[in-house]
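J.: using only what follows, build the 3D model:
(one chain, ligands or ions: 4)
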Amino acid sequence: SRLARDLPGAIERGGLRLVYQPVAGVQERRVLGVEALVRWDHPVLGPVPPEEFVGLAEDDGLVVPLQRWVLETATAEHARLLAGGRDLKLGVNISVRHLQARCLVEDVTRALERSGLPARLLMIEVTESVLMDDDERLLAELAELSALGCIVSLDDFGKGYSSLAYLARLPVDVLKMDRGFVSGIDTDPRGAALVGSVVDLGRTLGMDVVAEGVETAAQREVLVSLGCGFLQGWLTGRPVPAAELPAVVDGFD
Ligand code: G
Ligand code: G
Ligand code: MN
Ligand code: NA
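T.: Ligands and ions are numbered 1, 2, ... in the order given. This next block holds a predicted model:
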């Protein structure tokens, strides 16, 4: 396809860009971190959904160069944001294929060295699909990232397959609760009860819980009452380019 043909050039020659969405504390009511989200505006076809081109990259053996670009760019842009004296975490989405390629730890290490970003501020976001790969070495790689000082989060938690027994063994610090859980919490008591049990699960396992897809103040109120620590969504802000982050972060709430 046209997209598959043009993707390598976009990765190598500056065709991609990153936007950042704030993550806020439920109590603190300030921005505690941002999540980097990759964008590709095709010169002819227009914006391509990330699911689509990340999927293409995975099929065409381009996931490592794509993710390297994301890691290098996000850590460099974030280090510049922090030069203003801010203390914010950076979340980067990782493809399980990058873990399987056995070079994620190396690539993360290089990006941290080049940018000067402290490891404790980098959160690596993996999806539940790591749970479907029963290769113990993937867990060992995640544990290595923890040992480096990085935060590891499980993204889209609850969206698909997840084994609770397995979750307890994962070297994960943060659960990012899929937005499917959040959408009805202000109107559906059972939905709220479910979110409450995920918050409790996180507490039991010593993991922070981030509610994703929070769009309204009513949803935030329910999350406060359920003891959820962090939120992300249109309510905290839409994803913006790095240049707009200082205004978003400093002018929050
Ligand atoms: O923000 P947005 O709607 O564009 O994100 C769509 C999906 O693409 C989300 O599941 C998100 O996790 C994924 N995504 C966004 N940026 C990246 C990235 O840099 N790498 C990977 N692997 N996935 C990403
Ligand atoms: O899978 P991941 O959580 O990494 O993807 C983040 C995706 O969620 C991005 O596509 C982002 O644009 C989208 N998103 C962020 N906040 C909201 C929200 O409040 N509502 C909806 N519907 N989507 C959101
Ligand atoms: Mn994510
Ligand atoms: Na998610």
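
J.: can you list the residues of the stretch 151-253 of the chain near ligand 4?
T.: 155, 156, 212 (Cβ under 5 Å from the ion). For the C-beta atoms, the positions are set from N, CA and C on the backbone; glycine is no exception.

J.: so how far is ligand 3 from the residue of the stretch 51-200 of the chain found nearest ligand 4?
T.: The stretch 51-200 of the chain approaches ligand 4 most closely through residue 156 (4.0 Å), counting by Cβ to the ion. Distance of residue 156 to ligand 3, given as Cβ to the ion, to the nearest Å: 7 Å.

J.: kindly report the same for residue 80.
T.: Separation of residue 80 from ligand 3 (Cβ to the ion): 22 Å.

J.: tell me the contacts of residue 27?
T.: Residues in contact with residue 27 (Cβ atoms under 8 Å, 6 or more residues apart in numbering) are 224, 229.

J.: before we move on, the earlier item: so which of the residues of the stretch 151-253 of the chain next to ligand 4 is the closest to residue 182?
T.: residue 212 (6.5 Å; Cβ to Cβ).

J.: confidence score at the closest one?
T.: What the model reports as pLDDT for residue 212 is 97.

J.: which residue comes closest to it once chain neighbours are left out?
T.: Distances taken as Cβ to Cβ, 6 or more residues apart in numbering place residue 179 nearest to residue 212, at 4.5 Å, with adjacent residues excluded.

J.: number of residues surrounding that neighbour?
T.: When neighbours are counted by other Cβ atoms under 10 Å, residue 179 registers 17.

J.: quick revisit: by neighbours, which of the residues of the stretch 151-253 of the chain next to ligand 4 wins?
T.: residue 155 (24 neighbours).

J.: A helix includes that residue, no?
T.: No: read with DSSP: H, G, I helix; E, B strand; the rest coil, residue 155 is strand and lies in no helix.

J.: pretty sure it sits against residue 125.
T.: Yes: between residue 155 and residue 125 there is a contact at 4.3 Å, judged by Cβ atoms under 8 Å.

J.: anything in contact with each of those two?
T.: 93, 176.

J.: the longest helix seen in the chain and ligand 2, are they touching?
T.: Assignment by DSSP state H gives helix 63-82 as the longest helix of the chain. No: for helix 63-82 and ligand 2, the contact criterion (Cβ under 6 Å from any ligand atom) is not met; the two come no nearer than 12.0 Å.

J.: which strands and helices sit next to that helix?
T.: Counting contacts by 3 or more Cβ pairs under 8 Å, 6 or more residues apart in numbering; DSSP states H and E, helix 63-82 is packed against helix 2-12, strand 16-25, strand 31-42, helix 50-59, strand 89-93, helix 96-100, helix 104-115, helix 245-250.

J.: is it possible to get a markdown table of these that adds distance to residue 129?
T.: A markdown table is the format used below for these (distance: least, Cβ to Cβ, whole Å):
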| stretch | distance to residue 129 |
| --- | --- |
| helix 2-12 | 21 |
| strand 16-25 | 21 |
| strand 31-42 | 18 |
| helix 50-59 | 11 |
| strand 89-93 | 12 |
| helix 96-100 | 5 |
| helix 104-115 | 14 |
| helix 245-250 | 29 |
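
J.: most packed of these?
T.: Highest mean neighbour count of the helices and strands packed on helix 63-82: strand 89-93, a mean of 23 (counted as mean count of other Cβ atoms under 10 Å).

J.: thanks a lot, catch you later.
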